[in-house]
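>>> Predicted model and sequence follow; I will ask about them next.
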Amino acid sequence: MAQKKILVLCTGNSCRSQIADGYLKYFAGDQAVVYSAGIETHGVNPRAIATMKEDGIDISHHTSNNVDEYQHLDFDFVITVCDNANEHCPVFPSTAKKFHHNFRDPAKAIGTEAEIMEQFRAVRAEIKAYCKKFVAENL
């Protein structure tokens, strides 16, 4: 069976979409090719890298990509992980099935470093559960 192409979209391709990208690759294995992008590019958040490393997934090599770079690809699935991306998502000329889930933005967390990392872990757990379920139901 051909590999499915999945695009994960967020505002800045910095945290949530990067975490989802990591988990989708992990759960899908060779069943899918996963891309992530943002409407803007903010670079990969160091705390997103750190929180994923805690769960055994290395996203330190990921890059922050603009959605325009992928206009030529025919995706099977487009997943928006924040309301902003969902509302401003460019129209893809494809038959992609669209999914949306608004995850809280851990980059907006405030407090001590420990409190901020707790919020990153909480969002990571939500995204992990979502990605596991997505792969089980759609691949």
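Yes, it's here.

>>> How far away from the center of its chain is the worst-scoring helix or strand of the chain on mean pLDDT?
Least confident helix or strand, the chain: helix 83-88 with a mean of 85, by mean pLDDT, DSSP states H and E. Relative to the centre of its chain, helix 83-88 is centred 14 Å away, using C-alpha atoms, centre = their mean, to the nearest Å.

>>> Does anything pack onto it? Which helices or strands?
Contacts defined by 3 or more C-beta pairs under 8 Å, 6 or more residues apart in numbering; DSSP states H and E place helix 83-88 against strand 4-10. Every C-beta, even on glycine, is put in place using the N, C-alpha and C of the backbone.

>>> at 10 Å what do you get?
strand 4-10, strand 32-38, strand 77-80, strand 97-100 (3 or more C-beta pairs under 10 Å, 6 or more residues apart in numbering; DSSP states H and E).

>>> hmm, who's touching that helix?
8-13, 16-17, 37-40, 67, 78-80, 82, 98-103, 105 (C-beta atoms under 10 Å, 6 or more residues apart in numbering).

>>> what do you get if the cut-off is 7 Å, keeping everything else the same?
When contacts are defined by C-beta atoms under 7 Å, 6 or more residues apart in numbering, helix 83-88 is touched by residues 9-11, 39, 80, 100, 102.

>>> okay, which residue is most central for this protein?
Centroid-nearest residue in the chain: residue 17, 2.1 Å away (criterion: C-alpha atoms, centre = their mean).

>>> For that one, give me its contacts.
8-10, 36, 38, 81.
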